[in-house]
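Undergrad: Provided below are the primary sequence and the corresponding predicted coordinates.
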Amino acid sequence: MRWLLRRSSRKAVPGFGSRGSFSLFEVGFSEVRRSVATSCRAVLLPRFGGPEVLELRDNVSVPDLKPNEVLVRARAVSINPLDCRMRQGYGRSLFKPLLPLILGRDISGEVASVGSSVHSLRVGQEVFGALHPTAVRGTYVDYAILAEDELVSKPESISHVEASAIPFAALTAWRALRSTANIKPGQRVLVLGGGGAVGFSAIQLAVAVGCHVSTTCGGESTGRMVAAGAEQAVDYTTEDCEVSIKGYFDAVLDTIGVPETERIGVNLLKRGGHYMTLQGEAASLTDKYGMVVGLPMSTAILLQKQMQYRYSHGIEYNWTYMRADGEGLEEIRRLIEAGKLKVPVEKTFPITQVREAHEAKDKRLIFGKVVLELD
């Protein structure tokens, strides 16, 4: 790994965009850069396939920082289901022309350098955050680049490993419950599939708002759901969810997203309620038919469902996904500090064993959260 310590008043050398390429990092106008890496280790995805396609390479160049971007020395990055799906080819219509990719969305580490317009973060500060789902240069790297609004100060009460497991899942739940459904104290929220990181985060976020929460999950997770504040945890493997779940809800977050859970969720909503699913069809349709046909087709399907459910049930229907939200990430940090939000980590791997970690997730040998540590 090569290092650079210098003060420069020279104009920055023009380069390519920092998220989609591997150009060298250059110092801009009169900016101080301490211990700035010009190259680092990174796990590259040169082609789609199984865990064996992942390649850990040394000396991958670190791109230029844009004014609003932050260079983060990664200490821990978590593996999300999206990482495994992207590795297998999910989103290929968008990502195939951009190969090789770097996977990874979550990160916890220290600020190594900041862009010229960044004022809320400082070099050496411990931070955590998450990239947008479509980012090309992910976080499976020694040095990751995120926008200022994708990062906040890491809570002192938790480790880098614990912090890296939270932001992507929690922000996905936040967007659904707070940005879309705008849940309020006293409302009833149903989380279909509360055992995963997004579902578990959603339960805790809704409880923190003051909502009455019910959820479905496997039998091994019911105790954990109740401990997190759910008033009812239904074991979908042994119980009939439609019979066991009582009453109607103001918001339903469906983390499973199959026709059966959609039907159950829609039928359990009050009029004026919000149904939100993580399994939108935009990526799958564009992968199947290409961007030109697939994207308009997915938009038409979404509009059709929205109109259908508005007319038949009087509810709002949405496909939900994670996006950067500085306000949401700051609230997530406050909840972590207050002990009201956590995502348990089941196992850690060194970044050198990234293939083994992905294989364990693919084979469902590990059901909980997996984190990669970077020394």
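TA: Arrived safely, thanks for sending. Numbers count the residues shown, from 1 in each chain.
Undergrad: Tell me where the stretch 201-350 of the chain has helices.
TA: Taking DSSP state H, counting those that start in this stretch as the test, the helices found in the stretch 201-350 of the chain are 222-227, 241-244, 259-267, 282-289, 291-312, 326-337.
Undergrad: Averaged pLDDT, the fifth one. What do you get?
TA: When you say that, I think you mean helix 291-312. Averaging pLDDT along helix 291-312 gives 86.
Undergrad: contact partners of that helix?
TA: 93-94, 266, 275, 280-282, 285-289, 315-319 (Cβ atoms under 8 Å, 6 or more residues apart in numbering). Every residue, glycine included, has its C-beta placed from N, CA and C.
Undergrad: cool, and stretch 264-281?
TA: With Cβ under 8 Å, 6+ apart as the criterion, stretch 264-281 contacts 172, 176-177, 180-181, 190, 192, 198, 241-242, 245, 248-258, 262, 298, 301-302, 309, 313-321.
Undergrad: Just the ones in strands from the residues you listed, please.
TA: 190, 192, 249, 250, 251, 252, 253, 254, 316, 317, 318, 319 (DSSP state E).
Undergrad: before we move on, the earlier item: between the helices of the stretch 201-350 of the chain, which one is closest to residue 346.
TA: Among the helices of the stretch 201-350 of the chain, the nearest to residue 346 by Cβ to Cβ is helix 222-227 (12.1 Å).
Undergrad: pLDDT weak spots in this structure?
TA: Applying pLDDT under 70 to the chain flags the ranges 1-35.
Undergrad: The strand ranked longest in the chain packs against which elements?
TA: The single longest strand within the chain, with elements called by DSSP E, is strand 69-79. The contact analysis (3 or more Cβ pairs under 8 Å, 6 or more residues apart in numbering; DSSP states H and E) places strand 69-79 against strand 31-37, strand 106-114, strand 143-147, helix 160-164, helix 354-362, strand 369-373.
Undergrad: Verify the contact between residue 207 and residue 213 for me.
TA: Yes - using Cβ atoms under 8 Å, residue 207 makes contact with residue 213 at a distance of 5.7 Å.
Undergrad: Neighbour count: the two, which is higher?
TA: Using other Cβ atoms under 10 Å, the more surrounded residue of residue 207 and residue 213 is residue 213, with 27 against 19.
Undergrad: quick revisit: what residues are shared contacts of residue 207 and residue 213?
TA: Taking Cβ under 8 Å, 6+ apart as the criterion, residue 207 and residue 213 both touch 229, 230.
Undergrad: Out of the helices and strands packed on strand 69-79, the one nearest residue 48 is which?
TA: Distance to residue 48, taken as Cβ to Cβ, is lowest for helix 354-362 among the helices and strands packed on strand 69-79, at 12.7 Å.
Undergrad: between the closest one and strand 69-79, how many degrees?
TA: Between helix 354-362 and strand 69-79, the angle comes out at 50 degrees (axes from the mean of the first three to the mean of the last three Cα atoms, to 10 degrees).
Undergrad: residues in contact with helix 354-362?
TA: Here helix 354-362 makes contact (Cβ under 8 Å, 6+ apart) with 43, 50-52, 54, 56, 79, 81, 83-84, 87, 140, 347, 349, 365-366, 370, 372.
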